[in-house]
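Undergrad: curious how this folds, go ahead:
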Amino acid sequence: MAAARTSAEIKALTEEWLAGRASPHTRRRYRRDLGWFAAWLTAHRGRGLLDARVEDILAFARTRAGSREGLDHRVHPLRRHNTVATAATAWSSFYNHCVERGVLDSNPVAAARGLDAAAAYPPHEHGSARRLDETTLRTLLTHAHRDPWLGGALGTAAIGLLIATRWRPERVVTRDLDAALALPDLPAPVLEYLHAYADEERPHPARGTRLFWDRSGVRELSTIDLMRLVTRCAERAGLGGEVTATRVARAAEELHARGVPLNLPSLAELRRDAASQQQMALPDDPGGYEPADVTGQQALIPLPPGVPRPRASHTPRWPRRTR
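TA: Below you'll find the model as predicted:
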């Protein structure tokens, strides 16, 4: 039975649940999906969010999947799966939070998934991460140290933190400097990467407290920067294009759960065996880098004192408007 009934209590419970989501995009999507379900419950079943039953979950899932128009899971499996599974992840996450807080005895979404396999929208099957064993993760760190855009302690610190914390990429790149260095139970090599980056490579003074910055100090490292770094390292290691930052974090989580030691390389080993290349400023598209172009993104590399920066000689993409 639900323990909280008032709107204020449910709102507080919802805000507490959303606060545990690291990404603002995830918070917005979860709030939207749960709001739609709550509105449907009130309008069509006369029940509140904490009084939802298994049959309510299944009925609302069918309205979201378009089965009333004949678009069932056999005719349009991808549309049905994507539409409902995405929303159901939010519902299930909320009800799991309620169970953890003692507000509910069970998660109705989990019960619905067990009751009706066709309409219970199981989450997408994750691709197997077994291929990313501890040796592969160490190889990714080696190639991160060699990376021409985010190499050295910067690349190893970013991927090392991803492996050690098993966080999503957006959570890794949004850490503050002091908070990252104070994280408990970090492996000694990862802590070494972080300290080396903070002391030797992080732009000073940076304009904010964020840990990771590109080498020019112009902007903070973004989620896509970290994702591209992992992709480049995987391709150089011969792992193909299927290895993503999220998959690396999931592989690290699986290895951690099985008690497999990672034995990450020390910074001294990386500097000896995988010396970093001359670093280039981070372009919008690393695959489109042209070494002869001195006026593009790579021109953000600090030039030696007294050397004038060449002017760009390109035509504006859009003509200037005239009144």
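
Undergrad: check the separation of the first and last residues in stretch 258-277.
TA: 36 Å (CA to CA, to the nearest Å).

Undergrad: and for that stretch, what's in contact with it?
TA: Identification of contacts with stretch 258-277 by CB atoms under 8 Å, 6 or more residues apart in numbering yields 133-134, 137-138, 141-143, 145-148, 151-153, 155-156, 160, 163, 187, 189-190, 192-193, 196, 252, 255. C-betas here are computed from N, CA, C, even on glycine.

Undergrad: same thing but 6 Å
TA: Stretch 258-277 has contacts (CB atoms under 6 Å, 6 or more residues apart in numbering) with 134, 138, 142, 145, 146, 148, 151, 152, 187, 189, 192, 196.

Undergrad: distance from the chain centre to that stretch, please.
TA: 23 Å (CA atoms, centre = their mean, to the nearest Å).

Undergrad: same check on stretch 180-192?
TA: With CA atoms, centre = their mean, you get 20 Å for stretch 180-192.

Undergrad: measure it end to end?
TA: 12 Å.

Undergrad: which stretches of the stretch 201-323 of the chain form helices?
TA: With helices called from DSSP state H, counting those that start in this stretch, the stretch 201-323 of the chain shows them at 223-236, 245-257, 267-273.

Undergrad: which strands or helices does the helix or strand of the chain with the lowest mean pLDDT pack on?
TA: Scoring the helices and strands of the chain by mean pLDDT, DSSP states H and E places helix 77-100 at the bottom, with a mean of 74. Contacts defined by 3 or more CB pairs under 6 Å, 6 or more residues apart in numbering; DSSP states H and E place helix 77-100 against helix 24-40, helix 54-65, helix 108-115.

Undergrad: circling back to that earlier point, which of the contacts of stretch 258-277 has the most neighbours?
TA: Highest neighbour count within the contacts of stretch 258-277, by other CB atoms under 10 Å: residue 145, with 27 neighbours.

Undergrad: so that residue sits against residue 156, correct?
TA: Yes. Using CB atoms under 6 Å, residue 145 is in contact with residue 156, at 5.1 Å.

Undergrad: residue ranges with poor pLDDT in the chain?
TA: 1-5, 64-83, 115-131, 205-208, 278-323 (pLDDT under 70).

Undergrad: could you chop it up by domain?
TA: For the chain, automatic domain parsing gives the domain ranges 7-115, 134-273.

Undergrad: most tightly packed of those?
TA: Counting by mean count of other CB atoms under 10 Å, domain 134-273 has the highest mean neighbour count of the domains of the chain, with a mean of 18.

Undergrad: report the separation between the two terminal residues of that one.
TA: OK, domain 134-273 end separation, CA to CA: 18 Å.

Undergrad: now swap in stretch 180-193 and tell me
TA: 12 Å.

Undergrad: any chance you could list what contacts that stretch?
TA: In contact with stretch 180-193 (CB under 6 Å, 6+ apart) are residues 153, 156, 157, 160, 164, 194, 211, 264, 266, 267.

Undergrad: my guess is residue 221 meets residue 174, correct?
TA: No. Taking contacts as CB under 6 Å, residue 221 lies outside contact range of residue 174: 9.4 Å.

Undergrad: what do the two both touch?
TA: If you check residue 221 and residue 174 against CB under 6 Å, 6+ apart, no residue is contacted by both.

Undergrad: what's near enough to touch residue 248?
TA: With CB under 6 Å, 6+ apart, residue 248 has these contacts: residue 230.

Undergrad: one more time with 8 Å, if that's ok
TA: 132, 137, 140, 159, 162, 163, 230.

Undergrad: what does residue 42 give?
TA: Contacts of residue 42 by CB under 8 Å, 6+ apart are residue 48.

Undergrad: how about it, secondary structure?
TA: helix (DSSP: H, G, I helix; E, B strand; the rest coil).

Undergrad: sorry, back to before: wait, which of the helices and strands packed on helix 77-100 is closest to residue 226?
TA: helix 24-40 (15.6 Å; CB to CB).

Undergrad: sorry, back to before: same list, the helices and strands packed on helix 77-100, but as TSV with distance to residue 101 please.
TA: Shown next, in TSV, are the helices and strands packed on helix 77-100 (distance: least, CB to CB, whole Å):
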stretch	distance to residue 101
helix 24-40	15
helix 54-65	20
helix 108-115	16
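
Undergrad: of all those helices, which lies closest to residue 100?
TA: Among the helices and strands packed on helix 77-100, helix 108-115 sits nearest to residue 100 (CB to CB), with 13.1 Å.

Undergrad: would you confirm that residue 22 belongs to a helix?
TA: No. Assessed with three-state DSSP, residue 22 is coil; it does not lie in a helix.

Undergrad: let me see the contact set for it.
TA: 167, 168, 170, 171, 174.

Undergrad: which one of the helices of the stretch 201-323 of the chain lies nearest to residue 217?
TA: Comparing the helices of the stretch 201-323 of the chain by CB to CB, helix 223-236 comes nearest, at 14.3 Å.

Undergrad: can you give the distance of that closest one from its chain's centre?
TA: With CA atoms, centre = their mean, you get 13 Å for helix 223-236.
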